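[1] Here's a sequence, model it:
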Amino acid sequence: PRLRNSPLRPLFADFMPFAAPYYGVCDMMRRLTLTCVTVMLSDQHATFFIVTLAAAILAVAAQTQLRPHRDQDIDAIFTVSHWLVLLTTLTLLLRDTSMFNGKNIWLADGVMLAIIFLLAVTVSSTSFVHLFHEVRRIGASGKL
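    Numbers count the residues shown, from 1 in each chain. Below is the predicted model of the structure:
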């Protein structure tokens, strides 16, 4: 109720009412953890990966369970972006373990890229279709 008349409404307008008061703050904490905290932990590889994996897993879980955005297409694209952060972290972890030596690491990278592509296609395919229809409609109208 208070957000309806708030001058800060543009900051919260994209979120569902249950998530509006806190989701933006939580997302900012996730971003700061992935950028600032991990930089401070770059010398300690084990702690770096634990913090990064924890932040990425919590972000995927919160996004998929809460679906905080009003627009389902935006939710789908945010879900894919959180999965990309998690899969990138897993790829870095695979590289760090030296499990794959020589040319085999490219096989692991190829598998991760295929998983990322399939994830993007399956989770957000309808979102991209809606996006292209909207861009086409705006282009046909001649107005931006």
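
[2] Work out the gap between the longest helix belonging to the chain and the centre of the chain.
    Ordering each helix of the chain by length in residues (DSSP state H) puts helix 104-141 first. Helix 104-141 sits 14 Å away from the centroid of its parent chain (C-alpha atoms, centre = their mean, to the nearest Å).

[3] That one packs against which elements?
    helix 72-96 (3 or more C-beta pairs under 8 Å, 6 or more residues apart in numbering; DSSP states H and E). From N, CA and C alone the C-beta is placed, and that goes for glycine too.

[4] and the helix it packs on with helix 104-141, angle?
    Here helix 72-96 runs at an angle of 160 degrees relative to helix 104-141 (axes from the mean of the first three to the mean of the last three C-alpha atoms, to 10 degrees).

[5] residues of the longest helix of the chain that come out buried?
    Within helix 104-141, the residues scored as buried using 16 or more other C-beta atoms under 10 Å are 116, 120, 123-124, 127.

[6] same check, this time on stretch 81-92
    Applying 16+ other C-beta under 10 Å to stretch 81-92 flags 82-83, 85-87, 89-91 as buried.

[7] And Thr122, how far from Ile116?
    Separation of Thr122 from Ile116 (C-beta to C-beta, to the nearest Å): 11 Å.

[8] One more: Val85?
    The span separating Val85 from Ile116 equals 11 Å under the rule C-beta to C-beta.

[9] Please apply the same query to Gly142.
    Here the criterion is C-beta to C-beta. By it, Gly142 lies 36 Å from Ile116.

[10] Could I get the contacting residues of Gly24?
    Gly24 makes contacts with 11-12, 15, as judged by C-beta atoms under 8 Å, 6 or more residues apart in numbering.

[11] Thr64 too?
    By C-beta under 8 Å, 6+ apart, the contact set of Thr64 is Thr79.

[12] can I get the buried residues of helix 104-141 in TSV with distance to Leu34?
    Shown next, in TSV, are those (distance: C-beta to C-beta, whole Å):
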residue	distance to Leu34
Ile116	18
Ala120	20
Val123	21
Ser124	21
Ser127	23
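
[13] among the residues you listed, which one has the lowest pLDDT?
    In terms of pLDDT, Ser124 ranks lowest among the buried residues of helix 104-141, with 74.
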